[in-house]
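**Student:** can you look at this prediction? I've put the sequence above it.
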Amino acid sequence: MLTGKMSVQVEWGDCDPARFVFYPRYFAWVDAASHHMLNNGSLRQDDLCERYNIRGLVLGKVEMDFKAPAHFGEIIEISSRISRIGGASFNISHEIHCGDTHILSGEETRVWAAENPSKPAGIAAAPIPEEVRAKLEGH
C-alpha cells in the first residue's frame, strides 16, 4: 500500500498558552500529510479532478486518538499509509511521533466524489478507477 512521511516543526502559532499544540493543528497536519503522500504517489487531487471529472477526495470521516502532547519548537514526524481500499472510498492511517514519544494515532476516510446535480451538495460517491486503485495499493 502507498505510504508517506512528513516532518513538521511546531511553531509558536500552533500552540495554546501552555505551549502545547492546539488540537485542531493536528487535523490540518494530517490533511497535509495525506495530500503529500498522494502527490508523491502521482495522485494529485487537482489532476484527479481534471482527468476523471470528479469533485475531489472528500473527507468522510476522521478519528484521532491523542496519546501525548507536542510542544513549541519540537519536530514531529507524521507517517501515513493507505490502510483500506473500498469500492468508492479508502482509509489513510496516520501515526505522529516526536522522537520516541507517540503523539497520536489517527485515521481518515476519503470518498471518491463525483458530481451529482440531483443531490443537495452536488456530489455522490463513485467507484474508484482501477488505475487509481493500483496506485493506492503502491503499484
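**Tutor:** Perfect, thanks for sending it.
**Student:** from here on, contacts and neighbour counts on C-alpha atoms
**Tutor:** Noted.
**Student:** the residue most central in space within the chain sits in which helix or strand?
**Tutor:** Most central in the chain under C-alpha atoms, centre = their mean is S34, positioned 3.0 Å from the mean C-alpha point. Following DSSP states H and E, one finds S34 within helix 24-40.
**Student:** against which helices or strands is the worst-scoring helix or strand of the chain on mean pLDDT packed?
**Tutor:** Counting by mean pLDDT, DSSP states H and E, the weakest-scoring helix or strand in the chain turns out to be strand 123-125, with a mean of 90. Counting contacts by 3 or more C-alpha pairs under 8 Å, 6 or more residues apart in numbering; DSSP states H and E, strand 123-125 packs against strand 101-115.
**Student:** does the closest residue to G87 other than its chain neighbours count as helix, strand or coil?
**Tutor:** Leaving out its chain neighbours, the residue that sits closest to G87 by C-alpha to C-alpha, 6 or more residues apart in numbering is P127, at 5.4 Å. Classification of P127 by DSSP: H, G, I helix; E, B strand; the rest coil places it in coil.
**Student:** what angle sits between the helix or strand hosting E63 and strand 101-115?
**Tutor:** For E63, the host element (DSSP H and E) is strand 54-66. Counting by axes from the mean of the first three to the mean of the last three C-alpha atoms, to 10 degrees, strand 54-66 lies at 160 degrees to strand 101-115.
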